[in-house]
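Participant: Take a look and give me a structure for this.
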Amino acid sequence: MSEEAIPLSSDIASTATLRLASLHSLDPFYTPLEERFERITRLAGRALAVPVAAITIVQKNRQWFKSVTGWPVTELPMSKSLCAEVIKNGESIIIEDTLNDLYLMSNPLVCNGPKFRFYAGYPLKDVDGTTIGSFCVMDVKPRKTDAEFGIALADLGEMAQTELFSAELNNAQTALVAKLGESRRQAMFDPLTRLWNRRGGTDLLNAAMQEAAKYDHTLGLCLADIDDFKSVNDRFGHPVGDEVLRKVASTIVAAVRPQDVVCRYGGEEFMIIVRDVDARSCFTIANRICSGIREMPIRTRESAVETTISVGIAMRDKGDAISTEQLIERADKALYKSKDDGRDRVTFAKD
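Facilitator: Predicted structure coming up:
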């Protein structure tokens, strides 16, 4: 579908507009990874044997990829989306060969990269039955499907829809999303990893520290740095390095709790804010991050890229008068101790 081939009428644009009152009360654009959605797209990739699976939400004439596996994209104009017909008609579609489809054969994603040859989409609807997005899977090869494939597609789509309407967690991250406009969130968002960037993470840490001081809660701060990341870029090139960063980001999100905050703090450094947790539990979470990264080989044409990560932890205990800057400094020193002691490990900061 070329841009000329799918003009969005006012009716379609209206239908495609996200009804925020029915969904989260949050604008989904420039919001970070959530494991509950990542889990569904990972499952879809395995269950349907497809390289690309996505949960998307449409607002006005844009499509936001709330979760996507196998394709480094965050948003698209609807004029280039493969999901336009699903959004327009509110019905599932399976295209076994896009080059034989009247609407998709001239789409830039079919004619140029990634050159998708197979597409299947399931509409996601709000409580009023309005189509607000899609659950979709793609492949660069045409393929034949059967009735079981259609059933699995619908089941996964319904799972995605259920998660979209599940209750939001009441935490600092949700509060930040709720009070910030899209343009400000965009300035706090890292498009490569789909996490908060340093600015967003710092704002969230300040808010979490204020809350911890007000209610005298504990708070853990983890700084994590990918080991020998420069050698990955030097040996395999920056595209593989970018894929490592994306995989590390999603692995960290999978390892922490839904209420914890993950941000890309620097080039290959990540910050994790673990709220209302004791030191032992924070250590468990950090070790889970290390284990997840260690078991995350990335395949290339030459070989698998094996990656490890080092973590430093600093705690704000009950009764502490520690500042945000002091907490970061302690976590940073603990991170360097992990590096000095051989990497791929977790170290607690000493007071």
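
Participant: rest of the way, CA atoms for contacts and neighbours
Facilitator: Will do.

Participant: Please enumerate the helices of the stretch 101-250 of the chain.
Facilitator: When assigned using DSSP state H, counting those that start in this stretch, the helices of the stretch 101-250 of the chain occupy the ranges 108-111, 147-164, 172-179, 182-187, 198-215, 229-236, 238-255.

Participant: what bits of the stretch 101-250 of the chain have low per-residue confidence?
Facilitator: Along the stretch 101-250 of the chain, the parts satisfying pLDDT under 70 run over 167-176, 178.

Participant: Pull out the buried residues from stretch 89-106.
Facilitator: Residues 90, 92-99, 103-106 are the ones in stretch 89-106 that count as buried (16 or more other CA atoms under 10 Å).

Participant: go on, stretch 240-247?
Facilitator: By neighbour count with 16+ other CA under 10 Å, stretch 240-247 contains the buried residues Val240, Gly241, Asp242, Glu243, Val244, Leu245, Arg246, Lys247.

Participant: follow-up on the earlier one: okay, the helices of the stretch 101-250 of the chain in JSON lines with distance to Ala120 next?
Facilitator: Written out in JSON lines, the entries for these read as follows (distance: least, CA to CA, whole Å):
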{"stretch": "helix 108-111", "distance to Ala120": "14"}
{"stretch": "helix 147-164", "distance to Ala120": "8"}
{"stretch": "helix 172-179", "distance to Ala120": "31"}
{"stretch": "helix 182-187", "distance to Ala120": "30"}
{"stretch": "helix 198-215", "distance to Ala120": "35"}
{"stretch": "helix 229-236", "distance to Ala120": "33"}
{"stretch": "helix 238-255", "distance to Ala120": "24"}
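
Participant: Which among these is found nearest to Arg280?
Facilitator: helix 238-255 (15.4 Å; CA to CA).

Participant: about what we covered before: quick one, which of the helices of the stretch 101-250 of the chain is nearest to Ser303?
Facilitator: Ser303 lies closest to helix 229-236 among the helices of the stretch 101-250 of the chain, at 9.6 Å (CA to CA).

Participant: which residues are contacting stretch 342-351?
Facilitator: 227, 283, 286-287, 290, 308-315, 330-331, 333-335, 337-338 (CA atoms under 8 Å, 6 or more residues apart in numbering).

Participant: Surely Phe65 forms part of a helix?
Facilitator: No. Counting by DSSP: H, G, I helix; E, B strand; the rest coil, Phe65 is not part of a helix but strand.

Participant: Which residues are in contact with the closest residue to it other than its chain neighbours?
Facilitator: Setting aside the residues directly before and after it, Phe65 is nearest to Thr56 in space (CA to CA, 6 or more residues apart in numbering), at 4.4 Å. Taking CA under 8 Å, 6+ apart as the contact definition, Thr56 lies against Gln63, Trp64, Phe65, Lys66, Ser67, Gly133, Ser134, Phe135, Cys136.

Participant: and Asp276, what does it touch?
Facilitator: Residues touching Asp276, when contacts are defined by CA under 8 Å, 6+ apart, comprise Ala212, His217, Thr218, Leu219, Gly220.

Participant: gap between the residue nearest to it when sequence neighbours are not counted and Ala314?
Facilitator: Closest residue to Asp276 in three dimensions, ignoring its sequence neighbours and counting by CA to CA, 6+ apart: Thr218, at 4.8 Å. Thr218 sits 11 Å away from Ala314, taking CA to CA, to the nearest Å as the criterion.

Participant: More neighbours: those two, which one.
Facilitator: Ala314 (27 against 21; other CA atoms under 10 Å).

Participant: From what I see, that one and Leu335 are in contact.
Facilitator: No. Here Ala314 lies out of contact with Leu335, judged by CA atoms under 8 Å, at a distance of 9.6 Å.

Participant: Report how many residues lie close to Trp71.
Facilitator: The burial metric for Trp71, expressed as a neighbour count using other CA under 10 Å, is 12.

Participant: Can you read off the pLDDT for the residue nearest to it when sequence neighbours are not counted?
Facilitator: Spatially, and ignoring its direct neighbours in sequence, Trp71 is nearest to Val52 (6.2 Å; CA to CA, 6+ apart). Taken from the predicted model, the pLDDT recorded for Val52 is 98.

Participant: these two touch, right, Val52 and Pro72?
Facilitator: No. Here Val52 lies out of contact with Pro72, judged by CA under 8 Å, at a distance of 9.9 Å.

Participant: The closest residue to Gly70 other than its chain neighbours - how many residues pack around it?
Facilitator: Leaving aside its chain neighbours, Gly70 sits nearest to Val52 (4.6 Å; criterion: CA to CA, 6+ apart). Residues lying near Val52 (other CA under 10 Å) number 22.

Participant: Now do the contacts for Val52.
Facilitator: Neighbour list for Val52: Gly45, Val68, Thr69, Gly70, Trp71, Val137, Met138, Asp139 [criterion: CA under 8 Å, 6+ apart].
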